[in-house]
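# Predicted model, plus sequence, below.
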Amino acid sequence: MMNRRHREDVLVRRTVTVETIPSGHPVELEPGQLAQITQALGGSFTLLVEGQLMRLKGQDADAIGKQPPETISVPKDLHLDDLKPLIWDTLRTCYDPEIPVNIVDLGLVYTLDFEPLPDGDDKVRVVIDMTLTAPGCGMGEAIADEVCDKVLALPRVGEITVNLVFDPPWDRSRISEAAQLALGL
């Protein structure tokens, strides 16, 4: 695991699409390009390439010679009462690519609810209201997509809606105490 002080130089081994930070625009890295891992948390990598921060999805870890991240261990016969804590644990594996704190401890998740789907197949619809540290953050869609992908992979989850909301506006008071200590605040 990387921390803020340690950076690791890596060489891009195959063509891979990454997202620029903070705009979220896709860009291709070519084999032979030098990059520096500045953060490796939650299953993705933040890379510094030619002065630009970029986010590499964990599924593409092999492009920089790394192993894909491990997934959360989930029982196959998950009881509905255990789903909400599991979703919260899953959300704690999602990180803002510029800040080494997960979105839950950063205070970005405002609500998490779920309800049974009407088709009666034991699946639920999850609804999450979350915000961003800044309304104009271009990574909002990428973070929301990561939330969707990870939560949809859980048993019993059939649908998910992630609403990006800005009322109330996020501020530093929403950061957990542990995260404040980790950030030196």
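Structure's in. What do you need?
# Can you tell me which residue is spatially central in this protein?
By CA atoms, centre = their mean, the chain has its centre lying nearest to residue 94, at 2.7 Å.
# What distance do you get for residue 157 to residue 17?
The gap separating residue 157 from residue 17 is 26 Å, by CB to CB, to the nearest Å. Just so you know, the C-beta spots here come from the backbone N, C-alpha and C atoms, and that holds for glycine as well.
# Specify which residue of the two has the higher count of neighbours.
It is residue 157, of residue 157 and residue 17, that has more neighbours when counted by other CB atoms under 10 Å, with 22 against 13.
# thinking that one is in contact with residue 126, fair?
Yes. Counting by CB atoms under 8 Å, residue 126 is a contact partner of residue 157 at 5.6 Å.
# got any residues that touch both of those two?
87, 114, 151 (CB atoms under 8 Å, 6 or more residues apart in numbering).
# Which of the residues you listed fall in helices?
87, 151 (DSSP state H).
# just the CA coordinates of the helix or strand that contains residue 39, formatted as CSV?
According to DSSP states H and E, residue 39 maps onto strand 34-41. Output of strand 34-41 as CSV, limited to C-alpha atoms (Å, rounded to 0.1, in the frame of the first residue of the first chain):
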residue,chain,number,x,y,z
LEU,A,34,7.0,6.4,-17.2
ALA,A,35,4.5,7.1,-14.4
GLN,A,36,4.7,7.5,-10.6
ILE,A,37,2.1,5.9,-8.3
THR,A,38,1.1,8.6,-5.8
GLN,A,39,-1.8,6.7,-4.2
ALA,A,40,-3.0,3.0,-4.4
LEU,A,41,-6.1,2.8,-2.3
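# any idea of the angle the following helix or strand past it forms with strand 34-41?
Scanning forward in sequence from strand 34-41 by DSSP H and E, the next helix or strand is strand 44-49. Interaxial angle, strand 44-49 versus strand 34-41 (axes from the mean of the first three to the mean of the last three CA atoms, to 10 degrees): 150 degrees.
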